[in-house]
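[1] Model the following, please.
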Amino acid sequence: MNHASLKALGLALAAALPLAASAQLTGNLGLTTNYKYRGQDQDASKARAVKPAVQGGLDYTFGDSGWYVGNWNSSVDWLPGNSIEMDLYGGYKFKAGGLDMDLGALTYVYPGNTSGNTTELYAAATWGPLTAKYSHTVSKDYFGWAGAKAGSGRKGTNTGYLALAFVQEVAPAVTLKASVGFTRFAGDIRDTGVPNYMDYSLGAAYDFGGGLSLGAAVVGANKKAYFGPANQSRLIVTLTKTL
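    Reported below is the predicted structural model:
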């Protein structure tokens, strides 16, 4: 390696060192009485309200650059041959005026049964305690609703999900959390008779300190007549430890 190459390498390392020094890796572990996602029970094997799930993940931020990557996992039971959901995501956070912006991509992976695999692009804006987030499906299917993997000829691409959330500390160590979400299925899915629907969550979390928190929320969705017991409102309790 010549002198010019060594100098270039040295400059690159020098530029990367501050970023590496400020990078941060965090983790989380959780236990919940029922894992619901967008109003749907993720354990369809039982009709009861308490269906515990073990959850956890890792997040890595690249210093103050705004870039991040992460992985989150949960036990599930709604696809034959699969017992885990693995989420892989990455994005960029920045400020725009008085808003905290977040742009990224997220892939849901179901090892053992890839018919549920789904990829979305998302954009979120936070102003004080309020957050609006829109997720747009870019994969051929949306959690298997279109049956693309089975050769249905239909696609779940362009399914959209809009979520509005409110998070506010209302007392020392107590945080109120409320959200509402709207799912608009792709035309191919709606053509099978599946309706668009709304989901909701209302609850609170208590911070014990040291990264340990306990949350409780009522979670559900409308269109119960169509979706059946997977859509019933549930009181869900979750214990989380941030590492």
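
[2] make it CA atoms for all contacts and neighbour counts henceforth
    Fine.

[3] Can you name the element that comes right after the worst-scoring helix or strand of the chain on mean pLDDT?
    Here the helix or strand of the chain ranked lowest by mean pLDDT, DSSP states H and E is helix 3-22, holding a mean of 48. Using DSSP states H and E, the helix or strand that follows helix 3-22 in sequence is strand 24-32.

[4] Quick one: the helices in this structure, in order.
    3-22, 187-190, 224-227 (DSSP state H).

[5] low-confidence ranges in this structure?
    1-22, 224-226 (pLDDT under 70).

[6] If we use 80, what do you get?
    For the chain, the stretches with pLDDT under 80 are 1-23, 46, 223-230.

[7] Which parts of it are strands?
    Listed in chain order, the strands of the chain (DSSP state E) span 24-32, 36-37, 40-41, 53-61, 67-75, 84-96, 99-109, 118-127, 130-137, 160-171, 174-184, 197-209, 212-221, 234-242.

[8] Let me have the ones you listed in a markdown table, extended by mean neighbour count and distance to Arg154.
    Shown next, in a markdown table, are those (neighbours: other C-alpha atoms under 10 Å; distance: least, C-alpha to C-alpha, whole Å):
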| stretch | mean neighbour count | distance to Arg154 |
| --- | --- | --- |
| strand 24-32 | 16 | 34 |
| strand 36-37 | 16 | 23 |
| strand 40-41 | 23 | 22 |
| strand 53-61 | 18 | 31 |
| strand 67-75 | 18 | 28 |
| strand 84-96 | 17 | 23 |
| strand 99-109 | 18 | 19 |
| strand 118-127 | 19 | 14 |
| strand 130-137 | 19 | 14 |
| strand 160-171 | 16 | 16 |
| strand 174-184 | 18 | 16 |
| strand 197-209 | 18 | 20 |
| strand 212-221 | 20 | 25 |
| strand 234-242 | 19 | 32 |
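
[9] Kindly reformat those as JSON lines and extend each row with distance to Phe227.
    Formatted as JSON lines, the strands of the chain follow (distance: least, C-alpha to C-alpha, whole Å):
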{"stretch": "strand 24-32", "distance to Phe227": "22"}
{"stretch": "strand 36-37", "distance to Phe227": "13"}
{"stretch": "strand 40-41", "distance to Phe227": "9"}
{"stretch": "strand 53-61", "distance to Phe227": "21"}
{"stretch": "strand 67-75", "distance to Phe227": "21"}
{"stretch": "strand 84-96", "distance to Phe227": "21"}
{"stretch": "strand 99-109", "distance to Phe227": "21"}
{"stretch": "strand 118-127", "distance to Phe227": "20"}
{"stretch": "strand 130-137", "distance to Phe227": "21"}
{"stretch": "strand 160-171", "distance to Phe227": "17"}
{"stretch": "strand 174-184", "distance to Phe227": "13"}
{"stretch": "strand 197-209", "distance to Phe227": "10"}
{"stretch": "strand 212-221", "distance to Phe227": "9"}
{"stretch": "strand 234-242", "distance to Phe227": "15"}
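
[10] and of these, who's closest to Ala148?
    Distance to Ala148, taken as C-alpha to C-alpha, is lowest for strand 118-127 among the strands of the chain, at 11.2 Å.

[11] Sheet partners, orientation included, of the closest one?
    strand 99-109 (antiparallel), strand 130-137 (antiparallel) (DSSP bridges).

[12] Using PDB, write out the CA atom coordinates for it.
    Extracted in PDB, the C-alpha atoms of strand 118-127 (Å, rounded to 0.1, in the frame of the first residue of the first chain):
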ATOM      1  CA  THR A 118     -44.100  -8.700   4.600                       C
ATOM      2  CA  THR A 119     -42.000  -5.700   3.800                       C
ATOM      3  CA  GLU A 120     -43.100  -2.100   4.500                       C
ATOM      4  CA  LEU A 121     -41.700   1.400   4.100                       C
ATOM      5  CA  TYR A 122     -42.600   3.900   6.800                       C
ATOM      6  CA  ALA A 123     -42.600   7.500   7.700                       C
ATOM      7  CA  ALA A 124     -43.400   9.000  11.100                       C
ATOM      8  CA  ALA A 125     -43.600  12.500  12.500                       C
ATOM      9  CA  THR A 126     -43.600  13.300  16.200                       C
ATOM     10  CA  TRP A 127     -44.700  16.600  17.700                       C
END
